[in-house]
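J.: I would like to see how this sequence folds:
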Amino acid sequence: MLVKKMQTQVQELDGKEVAIQGWVRTNRASKNIGFIVINDGSCFSNVQVVYEASLENFKEIGKITLGSAVEVKGVFVATPDGKQPFEIHAQSVEVLGACDHDYPIQKKRHTYEYMREIPHVRPRANSYYAMFRLRSVLSMAIHTFFQDRGFVYIHTPIITGNDAEGAGECFTVTTRKDDKYDEDFFGKHAQLTVSGQLHVEPFALTYRNVYTFGPTFRAENSNTTRHASEFWMIEPELAFADLADDMDCIEEMIKFCINYCLEHAAEEMAFFEKFVDKDCINRVKHVANSHFARMTYSEGIEHLLKAKDQFENQDIFWGMDLQSEHERYLCEKVVNGPVFLTDYPKDIKAFYMRVNEDNKTVAACDLLVPYVGELVGGSQREERYDVLVAKMQEMGMDQSTLQWYLDLRRFGGCKHSGFGLGFDRMLMYLSGMQNIRDVQPYPRTPRNLIF
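T.: Have a look, this model is predicted:
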């Protein structure tokens, strides 16, 4: 029987025989009695098993090592006055899979750096056990939000011939040792996708509201705590929607995901609050209960100029790319809450963003939240064929590789908008984890490819 189910049926199970399979977290024994703490994977909470000297293999049970897989049969005993609501008094304890003494996780606090070297067993450590369940819950929150609102889930390709951002920082997919891509597997240069956006846009012009949710890849030689070479992105696309509609969807989604995780990963969030970031629950609740303010990039620059002495990077000017400290100042000090920064200079944004009437800015937005700065980036897409062609030419892009994308503007195109939420960044924001390597099951970063 699953521990999660037991937690909700304490009174019904009291005094009844039960069986549980799981892994040993701790085991201690005295002369006449012993205690094994087991986790069966169904929830964050452990189960305490009490075993007594009357059991035939009492001494052998006392030697069961941490990490061993066991099956316990015994009597369920409610303990309303104890630290846990129930315990199991063992009638038998069987080892299903013994754990060797060199098991790398012991009953002590290990560093995150150490744990990153053993990703195959680190999910059993509390921080990662909580994180990877939160990852599952947040994933479900994303799908629930969009599916309940009639969005169609589109699987965009991992291997592509396009670089959506135009940055060129991509991983080449090849079967050759040279660069003769015309003789390669696909007969042309192929790469791992940096974004599913361009591929999901055609489906928005069919189904109206769509989203893609999957892995993306960037070949940036960046060793910061916020960047990874492989990460997951949520990228919705909304037809007949302008930038204001886009921001409305972003705000609703973020609030929904926060509340969903607080409800469905309550134990995990409580763990993060106690051991990782004491303010994480209050912080995300504040955002979930806030009105998301809206401020133009130009207004933001004015605020930053007035306070430039407070920043490490004091070179503030219109047209700059904001740093994290600038973004956090705007949402933490100026707004005291989440804020959409809109209408960025067109020269620092992607080619597909709609040019505003001033011909200097684009209909783009970044959602800035306290503690992390930018969390979501979005824009209204450029639906005017001639304007989009001119922008691509201005940026020196090869029009032939994206003619299919341009054709969407000729074949019943309409105004449409979309955004991207970094799934791993959202996990960092919810939990307070400081390093993206600690929210991913198998992190991929420069010079790091374990397994």
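J.: going forward, measure contacts between C-alpha atoms and count neighbours the same way
T.: OK.
J.: For residue 437, which non-adjacent residue is closest in space?
T.: residue 443 (5.3 Å; C-alpha to C-alpha, 6 or more residues apart in numbering).
J.: That neighbour reaches residue 230, doesn't it?
T.: Yes: here residue 443 lies in contact with residue 230, judged by C-alpha atoms under 8 Å, at a distance of 7.3 Å.
J.: one step back: show me the contacts for the residue nearest to residue 437.
T.: Residue 443 makes contacts with 228, 230, 436-437, 449, as judged by C-alpha atoms under 8 Å, 6 or more residues apart in numbering.
J.: neighbouring contacts of stretch 269-278?
T.: By C-alpha under 8 Å, 6+ apart, stretch 269-278 touches 127, 130, 261-262, 279-281, 431-433.
J.: closest to residue 75 among the contacts of residue 443?
T.: residue 437 (41.6 Å; C-alpha to C-alpha).
J.: The closest one touches residue 223, doesn't it?
T.: No: here residue 437 does not reach residue 223: they are 10.6 Å apart, not a contact under C-alpha under 8 Å.
J.: List phi and psi for residue 172.
T.: phi -80, psi 140 (degrees, to the nearest 10).
J.: what pLDDT does it get?
T.: On pLDDT, residue 172 comes in at 91.
J.: So it sits against residue 192, correct?
T.: Yes: taking contacts as C-alpha under 8 Å, residue 172 lies within contact range of residue 192: 6.5 Å.
J.: who's more crowded, the two?
T.: residue 192 (22 against 16; other C-alpha atoms under 10 Å).
J.: that older thread, I'd like to know which of the contacts of stretch 269-278 are buried.
T.: 127, 130, 261-262, 280-281, 431-433 (16 or more other C-alpha atoms under 10 Å).
J.: so of the residues you listed, which ones are in helices?
T.: 127, 130, 261-262, 280-281, 431 (DSSP state H).
J.: Over to the most far-flung residue of the chain relative to its centre. Which of the three states is it?
T.: Seen from the C-alpha centroid of the chain, the residue lying at the greatest distance (C-alpha atoms, centre = their mean) is residue 54, 48.9 Å away. Secondary structure, DSSP: H, G, I helix; E, B strand; the rest coil: residue 54 is coil.
J.: OK, contacts around residue 95?
T.: Contacts of residue 95 (C-alpha under 8 Å, 6+ apart): 64, 68-71.
J.: which regions of the chain lie under the pLDDT threshold?
T.: 1, 163-168 (pLDDT under 70).
J.: all helices of it, in order?
T.: 3-7, 10-13, 58-62, 112-115, 126-148, 197-207, 243-264, 266-275, 280-288, 297-306, 324-329, 385-394, 403-407, 423-431.
J.: from these, which stretch is densest packed?
T.: Of the helices of the chain, the one with the most neighbours on average (mean count of other C-alpha atoms under 10 Å) is helix 423-431, at a mean of 22.
J.: Show me what counts as buried in stretch 41-57.
T.: 41, 43-53.
J.: actually stretch 184-191, not the one I typed
T.: In stretch 184-191, counting by 16+ other C-alpha under 10 Å, buried: 184, 189-191.
J.: and these as a markdown table, adding distance to residue 138?
T.: Shown next, in a markdown table, are the buried residues of stretch 184-191 (distance: C-alpha to C-alpha, whole Å):
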| residue | distance to residue 138 |
| --- | --- |
| 184 | 39 |
| 189 | 35 |
| 190 | 31 |
| 191 | 28 |
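J.: Return the closest of those residues with respect to residue 159.
T.: Taking the buried residues of stretch 184-191 together and measuring to residue 159 by C-alpha to C-alpha, the closest member is residue 191, at 5.6 Å.
J.: hang on, isn't that closest one packed against residue 169?
T.: No: taking contacts as C-alpha under 8 Å, residue 191 lies outside contact range of residue 169: 10.0 Å.
J.: ok so, going back, with distance to residue 271 added, can I get the buried ones among the contacts of stretch 269-278 in TSV?
T.: Formatted as TSV, the buried ones among the contacts of stretch 269-278 follow (distance: C-alpha to C-alpha, whole Å):
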residue	distance to residue 271
127	8
130	7
261	13
262	12
280	10
281	10
431	9
432	11
433	12
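J.: what's the closest of those to residue 407?
T.: Of the buried ones among the contacts of stretch 269-278, the one sitting nearest to residue 407 (C-alpha to C-alpha) turns out to be residue 261, at 40.4 Å.
J.: Could you report the separation of that closest one from residue 433?
T.: 16 Å (C-alpha to C-alpha, to the nearest Å).
J.: cool, and residue 322?
T.: From residue 322 across to residue 433, the span is 23 Å (C-alpha to C-alpha).
J.: Distance from stretch 12-30 to the middle of the chain?
T.: The chain centroid and the centroid of stretch 12-30 are separated by 33 Å under C-alpha atoms, centre = their mean, to the nearest Å.
J.: hmm, who's touching it?
T.: 1-3, 6, 34-41, 62, 64-78, 107.
J.: Just the ones of the residues you listed in strands?
T.: 34-39, 69-78 (DSSP state E).
J.: Between all of those, which two are separated the most?
T.: Most distant of the ones in strands among the contacts of stretch 12-30, by C-alpha to C-alpha, are 69 and 78, 24.3 Å apart.
J.: Compare these two and say which is more crowded by neighbours.
T.: Per other C-alpha under 10 Å, whichever of residue 69 and residue 78 has more neighbours is residue 69, with 21 against 18.
J.: residues contacting the more buried one?
T.: With C-alpha under 8 Å, 6+ apart, residue 69 has these contacts: 21-24, 95-99.
J.: how near is residue 12 to residue 91?
T.: 20 Å.
J.: Return the distance of the closest residue to residue 142 other than its chain neighbours relative to residue 211.
T.: Closest residue in space to residue 142, ignoring its immediate chain neighbours: residue 257 at 6.7 Å, by C-alpha to C-alpha, 6+ apart. Distance, residue 257 to residue 211, by C-alpha to C-alpha: 15 Å.
J.: Same question for residue 104.
T.: Distance, residue 104 to residue 211, using C-alpha to C-alpha: 40 Å.
J.: Tell me which of those two has more neighbours.
T.: Set residue 104 next to residue 211 and count neighbours by other C-alpha under 10 Å: residue 211 wins out with 28 against 14.
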